[in-house]
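Colleague: Got a predicted model here, sequence first, then my questions.
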Amino acid sequence: MKNGFRQSMAALHTWTGLLFGWLLFAMFVTGTAAYFQEEISRWMRPEVVATAAPAPATQAAIAWLQKTQPDADSWFITPPSARNPATEVFWQPRTVEGEQHARRRRNDTSATLDGIGRVVTTRETRGGFFLYRFHFDLHYMPVLWARYLVGAAAMFMLVAILSGIITHKKIFADFFMLRFGKGQRSWLDVHNVTAVFALPFYLMITYTGLVTLATLYMPWGIAANYASPETFFAEVFPNGGETQRTGTAAAMVPIGPLMAVATREWAGAAVGSVQIANPNDVSATITLRRAADTAIGARGESMVFAGATGRMIRGGAPEGGAMATQSVMIGLHAGRYAGWGLRWLYFLSGIGGTIMVGSGLVLWTVKRRAKLPDPTRPHFGFRLVERLNIAAIAGLPAGIAAYFLANRLLPTGMTARAEWEIHSLFLTWAAVLLWAIARPYRRAWIESLALAAGLFASVPVVNALTVSRNMLTGMMTGDWLFVAFDIAMLLFALGFGWAARKASTVNAKPARGMRTMQNMAAA
Amino acid sequence: MARKRIAAPESLAARISLPLRILGAIVGGYGVTSLAVACLARILPMRAAEASVAATLASFAIYAGIIVAIFSARSVLRIWLWLMAAALLLGAALYWSILTGGRL
Amino acid sequence: MIHALAIIVAVVGFACLCAAMVRHQKDLLGHALAVRSARRLRIAGALSLLFALAVDMIVLGSGYGAVAWCGHLTAGAALVLIGLNRKIARDNRRILRANVRVSAPHRPPRRYDTDRTTQE
């Protein structure tokens, strides 16, 4: 290899980028959306309006569980917070010896409560949580496979970033030389600009993303010291062990004072979750965990109390350096600690990453088309990449818009409603793929982008027609979530509409290949 | 294009050079990384759990470094020799360490 | 609010750093700077970025502030780059118009070599 290093780094960058580009694009889209998963969930359950103080709401939730699920193995309560005004509860039903584990639906073991412990009936939906889970669990496939696939993609991304930096070291010195929309090179410019802008973010998000599932991808660090992973986890998370129920009933102390103790201990940080094991038994324990938005580290401190006496059993054990580093890395990735300003910066960086991956994918085709033996009749592999690009870049966003629309349009009493919301996302995505295959290349781009724009634009309209909360009522009553959501949808509609127009107004002459596509800059 | 230049000479050695390199990067790199992480987990002077986590955190940087090194090296043969030497050395160290120290 | 403030400081910082680079002085200021003023600008730019870091860390806490600072730098650099691009595009259009009036050339003068940040 002459000129070896740079050359092979460039090749490495190009081919790793192509191989995992579509998956990375989907991960960037859903991961970016997941920074607002709580808000998306709230929008998708417009019935939930309650706001309440955390301690009384938690007590009310305990009373509700006491009434409906006194025999459960454990209760899990998420008190209301700034980002979610409702109290979420779920429970682990008593496991009976020898009884087959019946397949349970989510709603059978969870409920949404208001501040005084009444069930809030909401439409069945997985909300923003689905987008969050898709980010690393994908869908319609075993979770474990998905996670290996996602991990491989993240590793390729890490290598693509490093090889990108090595190949284009000059990009930093030349940062202010970057120019937008310069005809022939616009795709490259879009790729470069978005890549350099948020480079620290990409490095951080890729590495910490790998760290979140590190024990799955790289179990050998634990295997070297522990005969089985269980020993390791038991040592690191000592409260994981279950205590036997004694069978002697005992009333539990009120939760409010315990929450106050924990908050005092954590210098004012709120309680993020309450877990009660063996409720109403002498052996009952109450575990309080620090809220995720009060420190960067993802593994919040916890305190364990005896349920019957309120005596503290265990305070927060101090973490060692490596554990604390891991906790901070995971926290940085998930961004649960971030306030509004930082959350939007995360979101914009995520959009930057999405555009970077998308423009990189298009760049692959643009750079190759001119070099084809006959650019007007590309070979199968090339056509495949082109069509998959359309499906990935326009199809997934269109699918997400369809997901939101389905949330408003599917009848509330429908069976498997939540699943059908998700199916509508993938059906839309598949439809765009088929459309992209069936239509001429350039028309396919224009129409798919226009479809995405149309779907996003229709979200506020459909919302206003089906639900009593929307942008206008929001402005009058201070319901800013609904204002912001509608505005965001309109902005996405504008963005895709602009891209579609850009794709259609370019050289209408029968110019093929290079020129046509490159003039579509910055879609 | 870079790829063409690599694949252009039609000799067998040149043709299997790229697949061998890719295989070395993905499989060989992962193997050596695993051994390095396991060794680190045993020799880092911290509690066992801490050392395991610290080594695991470093693993992706090690892996990425090996991949980049493999794609920047000149000779495929030399890459594989290095990989095997590293694997032997780390493997022996790990074997000896577990033999004398055992696992929890 | 703190975010807006820090981003503004970062914009000032990057604008100074950009103006301190010889090849951008013509675009940004219309003329070249003396070596000494360029050095002062570079120092001022670096200090602004450090000042943004200090403000972030004092107001938001050290860890949170440091993370937020990275975001603010990204936003600041992006804004300066966008501003620079717009200014150059505007200047080019003006030059083009002037040229059209004088001699009607076939295409705008190519002042900016975009081929310097090549892919390979």
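Modeller: Received it, and whenever you're ready, just let me know what you need.
Colleague: tell me the helices in chain B, going along the chain?
Modeller: Listed in chain order, the helices of chain B (DSSP state H) span residues B:2-7, B:12-23, B:29-43, B:48-72, B:76-101.
Colleague: would CSV of those with distance to residue A:224, mean neighbour count and mean pLDDT be doable?
Modeller: (Glycine included, C-beta is placed from N, CA and C.) Listed next are those as CSV, based on distance: least, CB to CB, whole Å; neighbours: other CB atoms under 10 Å in any protein chain shown; pLDDT from 0 to 100:
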stretch, distance to residue A:224, mean neighbour count, mean pLDDT
helix B:2-7, 37, 15, 45
helix B:12-23, 25, 14, 83
helix B:29-43, 4, 22, 96
helix B:48-72, 7, 22, 94
helix B:76-101, 7, 14, 94
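Colleague: closest to chain C out of these?
Modeller: Comparing these by their distance to chain C (CB to the nearest CB), the top pick is helix B:2-7, with 6.8 Å.
Colleague: which one is residue A:248 nearest to, not counting chain neighbours?
Modeller: residue A:282 (4.6 Å; CB to CB, 6 or more residues apart in numbering or on different chains).
Colleague: And the one you found, how far from residue A:310?
Modeller: Computed with CB to CB, to the nearest Å, the distance linking residue A:282 and residue A:310 is 13 Å.
Colleague: By mean pLDDT, point me to the weakest helix or strand of chain A.
Modeller: In chain A, no helix or strand scores lower on mean pLDDT, DSSP states H and E than helix A:514-518, which sits at a mean of 36.
Colleague: count of neighbours near residue A:311?
Modeller: 10 (other CB atoms under 10 Å in any protein chain shown).
Colleague: Actually, residue A:454.
Modeller: 15.
Colleague: Double-check it against residue A:492; I have them as touching.
Modeller: No: under the criterion of CB atoms under 8 Å, residue A:454 is not in contact with residue A:492, lying 11.2 Å apart.
Colleague: Just give the nearest non-adjacent residue to residue A:247, would you?
Modeller: Using CB to CB, 6+ apart, the closest residue to residue A:247 is residue A:281 (7.2 Å).
Colleague: got a list of what residue 72 touches?
Modeller: I went with chain A, as the question did not name one. A:65, A:91-94, A:279 (CB atoms under 8 Å, 6 or more residues apart in numbering or on different chains).
Colleague: sorry, should have said chain C
Modeller: By CB under 8 Å, 6+ apart, the contact list for residue C:72 reads A:345, C:3, C:6-7, C:9-10, C:52, C:56.
Colleague: Next to chain C in this structure, residues from the stretch 251-400 of chain A, please.
Modeller: By the rule CB under 8 Å from any CB of the partner chain, the part of the stretch 251-400 of chain A lying against chain C is A:296, A:328, A:332, A:337, A:341-342, A:345-346, A:348-349, A:352, A:363, A:367.
Colleague: what kind of secondary structure is residue A:286 in?
Modeller: strand (DSSP: H, G, I helix; E, B strand; the rest coil).
Colleague: where does chain A dip in pLDDT?
Modeller: A:1-4, A:50, A:96-107, A:181-185, A:239-242, A:315-318, A:506-523 (pLDDT under 70).
Colleague: which residues in it form strands?
Modeller: In chain A, the segments counted as strands under DSSP state E are A:74-78, A:87-92, A:110-113, A:271-277, A:285-290, A:302-306, A:312-314.
Colleague: Same list, those strands, but as CSV with mean neighbour count please.
Modeller: Shown next, in CSV, are the strands of chain A (neighbours: other CB atoms under 10 Å in any protein chain shown):
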stretch, mean neighbour count
strand A:74-78, 21
strand A:87-92, 20
strand A:110-113, 20
strand A:271-277, 21
strand A:285-290, 22
strand A:302-306, 20
strand A:312-314, 14
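Colleague: For the lowest-mean-pLDDT helix or strand in chain C, list every residue counted as buried.
Modeller: Every helix and strand in chain C was compared by mean pLDDT, DSSP H and E; the lowest is helix C:22-29, with a mean of 79. Neighbour-count burial for helix C:22-29 flags C:24-25, C:27-28 (criterion: 16 or more other CB atoms under 10 Å in any protein chain shown).
Colleague: would you list these in JSON lines and tack on distance to residue C:35?
Modeller: As requested, these are arranged in JSON lines below (distance: CB to CB, whole Å):
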{"residue": "C:24", "distance to residue C:35": "15"}
{"residue": "C:25", "distance to residue C:35": "11"}
{"residue": "C:27", "distance to residue C:35": "19"}
{"residue": "C:28", "distance to residue C:35": "17"}
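Colleague: filter these by proximity to chain A?
Modeller: Answer for these near chain A (CB under 8 Å from any CB): residue C:24.
Colleague: any weak-confidence spans in chain C?
Modeller: In chain C (pLDDT under 70), the answer is C:101-120.
Colleague: longest helix of it?
Modeller: helix C:62-102.
Colleague: ok so, going back, farthest-separated two in the contacts of residue A:72?
Modeller: A:65 and A:94 (13.2 Å; CB to CB).
Colleague: Comparing the two, which residue is more hemmed in?
Modeller: Using other CB under 10 Å as the criterion, residue A:65 and residue A:94 rank with residue A:65 on top: 23 against 13.
Colleague: do you know how far the more buried one is from chain B?
Modeller: Per CB to the nearest CB, to the nearest Å, residue A:65 is found 34 Å from chain B.
Colleague: That residue - nearest residue in space that isn't next to it in sequence?
Modeller: Per CB to CB, 6+ apart, closest to residue A:65 is residue A:75, 4.9 Å.
Colleague: Over to residue A:60?
Modeller: Per CB to CB, 6+ apart, closest to residue A:60 is residue A:117, 3.2 Å.
Colleague: and stretch A:178-194, does that touch chain B?
Modeller: No: judged by CB under 8 Å from any CB, stretch A:178-194 makes no contact with chain B; its nearest approach is 14.8 Å.
Colleague: quick one: that stretch to chain centroid distance?
Modeller: Centroid separation for stretch A:178-194 versus its chain: 29 Å, with CA atoms, centre = their mean, to the nearest Å.
Colleague: Please apply the same query to stretch A:203-220.
Modeller: For stretch A:203-220, the distance to the chain centre is 16 Å (CA atoms, centre = their mean).
Colleague: Equivalent analysis for stretch A:447-454, please.
Modeller: So, by CA atoms, centre = their mean, the centroid of stretch A:447-454 is 23 Å from its chain's centroid.
Colleague: Over to stretch A:173-189?
Modeller: For stretch A:173-189, the distance to the chain centre is 31 Å (CA atoms, centre = their mean).
Colleague: Could I get the buried residue list for it?
Modeller: By 16+ other CB under 10 Å, the buried positions in stretch A:173-189 come out as A:174-180, A:182, A:185-189.
Colleague: hmm, back to that, wait, the residue nearest to residue A:247 sits on residue A:245?
Modeller: Yes: judged on CB under 8 Å, residue A:281 makes contact with residue A:245 at a distance of 5.0 Å.
Colleague: rewinding a little: mind listing what the residue nearest to residue A:65 touches?
Modeller: A:62, A:65, A:69, A:89-91, A:274-276, A:279 are the contacts of residue A:75 under CB under 8 Å, 6+ apart.
Colleague: Same question for residue A:250.
Modeller: So residue A:250 contacts A:280-282, A:284, A:307-308 (CB under 8 Å, 6+ apart).
Colleague: Residue A:227 is nearest to which of the helices of chain B?
Modeller: helix B:76-101 (10.3 Å).
Colleague: Kindly spell out which helices and strands sit in contact with that closest one.
Modeller: helix B:12-23, helix B:29-43 (3 or more CB pairs under 8 Å, 6 or more residues apart in numbering or on different chains; DSSP states H and E).
Colleague: Could you give the separation of that helix from the chain centroid?
Modeller: 9 Å.
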